[in-house]
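Chemist: got a predicted structure here, sequence first:
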Amino acid sequence: MRIKWSRRIRLGCCGLVLGCCLIAASQASAAAPSQPATQPAIVSVDAFPADAKLAPELAAKFKAKLVTLNVTNMPALQAMTELAKVSGYTIKPAYDNVFSNGNRRPGNITISAVDQPFWSVFRDICVQGNISIYNNGGESDRTIRIAPGNYNGPSGMRGTVSIKGPFMFVPTYLERENSIHMASPNKVNRNIYVQSQMYVEPSATIAEMSYDPIVDEATDDHGNSMASDKLANRPTNMQQSRGIGSYCRMSMRYPTTNPGSHITTIKGHIAAMVAGGGGGTLEAPDPLNAAETTKTVAGRSITFHSLKKEGSRYVLELVMHRGDGDTQQFYRSFNAPLVCHLTDAKDEEATSYMMGGSGNGDSITRRFGFDAGANPPTKLVVDVPGGLQQIDIPFELANLPLP
């Protein structure tokens, strides 16, 4: 038998949740502030230090895209459109009419940013204009989706965030859990759990990412260490990385004596798998009419099976063959970040997204969708990565409240 109770804080919110009850930070009769104070972000252009053991092509791949944006008193949605232009990324509302409700309309913003990391500028627009990012890991394309900042709860963008290179780590929810196992009724186990989202710039592709971040260092304002030694060697618990957002949940120990009121610093990392060097391409001119073709690319046998139009989209099927390769590596190749470019005669590229697939012991069929444009496609190019390599994505946070 186990007894458990918890206290929770949602970042970006002024309240504290205890069990199932909401306790306001001020008296019930007092009006709550419309927006909580914004915490500073910890920002660096490079994700990894210069002495990191990464191949040069990987180190270069994981730098922040630097953007310049200067606007004055501009509607926030228009500023997002301008940011999409200068970055080359697709940024759009999560769904039609999500901003149509009067009390969800973003405000105007003023930004003067010169050669600043993309996520830093994006967050600034979100905070000023009351916008939040909507990607939650369920999407399969590289589109950045946005919604009102007060949609589905307060925006986590106002809390402290870590921006390192193309990675933005956003904690959204802190929970303190106290538990007693009845086999040791005099021992209370106290832990802190932090629900978070890791966002990746659309230009940086991750094949797999752990949902268990490792906390290397954590200290509260009373000098107590909160890093959990027993968690240092646990399995990485990889999840397929889809779209630009991935959910994760990190753990720390709550101080047993003289606990502070907030966590002054957290430094950690998240294990991820990325494509290494030695990749290649699979090409199919006139793909709507092209015959089935098999080619060995980056040591893998891949078949272009078909491209067909289904309603308002095109659907591509690729078949990956195991051959004599390692079985486990073959199955992991299902998560390999194939990037598909479908272009028309004007060299305009269709938006692509994954559509899942199926497989057996000998082959895996992967399906990709493309939004149909005004002109039919004339060329397909599939970027096939080399072998997968593990990297440790760093994050650093400061000044988190303790529940």
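Modeler: Great, that's in hand. Numbering: from 1, shown residues only.

Chemist: okay, now the unreliable bits of the stretch 201-350 of the chain?
Modeler: Residues of the stretch 201-350 of the chain meeting the criterion pLDDT under 70: 229-236, 240-242, 276-278, 325-337.

Chemist: can you give me the strands for it?
Modeler: 208-210, 214-220, 238-240, 245-253, 262-275, 280-285, 293-297, 300-310, 313-321, 339-344 (DSSP state E, counting those that start in this stretch).

Chemist: tabulate those (TSV), appending mean neighbour count and distance to M198.
Modeler: From N, CA and C alone the C-beta is placed, and that goes for glycine too. What follows is the strands of the stretch 201-350 of the chain, written out as TSV (neighbours: other C-beta atoms under 10 Å; distance: least, C-beta to C-beta, whole Å):
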stretch	mean neighbour count	distance to M198
strand 208-210	24	7
strand 214-220	19	13
strand 238-240	17	11
strand 245-253	20	5
strand 262-275	20	6
strand 280-285	16	29
strand 293-297	14	29
strand 300-310	17	28
strand 313-321	19	27
strand 339-344	18	20
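
Chemist: in TSV: these, plus distance to G356.
Modeler: What follows is the strands of the stretch 201-350 of the chain, written out as TSV (distance: least, C-beta to C-beta, whole Å):
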stretch	distance to G356
strand 208-210	16
strand 214-220	30
strand 238-240	10
strand 245-253	17
strand 262-275	19
strand 280-285	19
strand 293-297	21
strand 300-310	14
strand 313-321	11
strand 339-344	14
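
Chemist: which one of the ones you listed lies closest to Q128?
Modeler: strand 245-253 (21.7 Å; C-beta to C-beta).

Chemist: what helices or strands is that closest one leaning on?
Modeler: For strand 245-253, the elements it packs on are strand 189-200, strand 208-210, strand 214-220, strand 262-275, judged by 3 or more C-beta pairs under 8 Å, 6 or more residues apart in numbering; DSSP states H and E.

Chemist: so that strand versus strand 262-275, what angle?
Modeler: 130 degrees (axes from the mean of the first three to the mean of the last three C-alpha atoms, to 10 degrees).

Chemist: any idea how far P93 lies from R313?
Modeler: P93 sits at a distance of 20 Å from R313 (criterion: C-beta to C-beta, to the nearest Å).

Chemist: how about L397?
Modeler: L397 is 40 Å from R313, by C-beta to C-beta.

Chemist: just D371 next, same as before
Modeler: 6 Å.

Chemist: V170 now?
Modeler: 31 Å.

Chemist: with V71 instead?
Modeler: Using C-beta to C-beta, we find V71 at a distance of 34 Å from R313.

Chemist: which residue ranges of the stretch 301-403 of the chain form helices?
Modeler: 327-332 (DSSP state H, counting those that start in this stretch).

Chemist: ok, now the stretch 51-200 of the chain?
Modeler: 56-61, 76-87, 118-129.

Chemist: what's the most buried one of the ones you listed?
Modeler: helix 118-129 (a mean of 23; mean count of other C-beta atoms under 10 Å).

Chemist: dump that helix to PDB, restricted to CA.
Modeler: What follows is helix 118-129 as a C-alpha-only set of coordinates in PDB (Å, rounded to 0.1, in the frame of the first residue of the first chain):
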ATOM      1  CA  PHE A 118      14.700  32.700 -33.700                       C
ATOM      2  CA  TRP A 119      13.100  31.300 -30.500                       C
ATOM      3  CA  SER A 120      14.100  34.400 -28.500                       C
ATOM      4  CA  VAL A 121      12.300  36.600 -31.000                       C
ATOM      5  CA  PHE A 122       9.300  34.200 -31.200                       C
ATOM      6  CA  ARG A 123       8.900  34.200 -27.500                       C
ATOM      7  CA  ASP A 124       9.100  38.000 -27.300                       C
ATOM      8  CA  ILE A 125       6.200  38.300 -29.700                       C
ATOM      9  CA  CYS A 126       4.300  35.700 -27.700                       C
ATOM     10  CA  VAL A 127       4.900  37.400 -24.400                       C
ATOM     11  CA  GLN A 128       4.000  40.900 -25.600                       C
ATOM     12  CA  GLY A 129       1.100  39.900 -27.800                       C
END
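
Chemist: tell me which other helices or strands it touches.
Modeler: By 3+ C-beta pairs under 8 Å, 6+ apart, helix 118-129 packs against strand 66-75, helix 76-87, strand 108-117, strand 131-133, strand 162-164, strand 167-181.

Chemist: now the second one: average pLDDT?
Modeler: I take that to be helix 76-87. Mean pLDDT, helix 76-87: 96.

Chemist: quick one: that helix to strand 108-117, angle?
Modeler: 20 degrees.

Chemist: what's the distance between helix 76-87 and the middle of its chain?
Modeler: Using C-alpha atoms, centre = their mean, to the nearest Å, the mean C-alpha position of helix 76-87 is found 20 Å from that of the whole chain.

Chemist: likewise the longest one?
Modeler: Averaged C-alpha coordinates place strand 167-181 at 17 Å from its chain's average position (C-alpha atoms, centre = their mean).

Chemist: give the contact list for I266.
Modeler: I266 is in contact with 215, 217-218, 252, 395-398, 400, counting by C-beta atoms under 8 Å, 6 or more residues apart in numbering.

Chemist: for R123, see how far away the residue lying closest to E217 once chain neighbours are set aside is.
Modeler: Nearest residue to E217 in three dimensions, chain neighbours excluded: K267, at 4.3 Å (C-beta to C-beta, 6 or more residues apart in numbering). Distance, K267 to R123, by C-beta to C-beta: 20 Å.

Chemist: having no further points to raise, I will conclude here.
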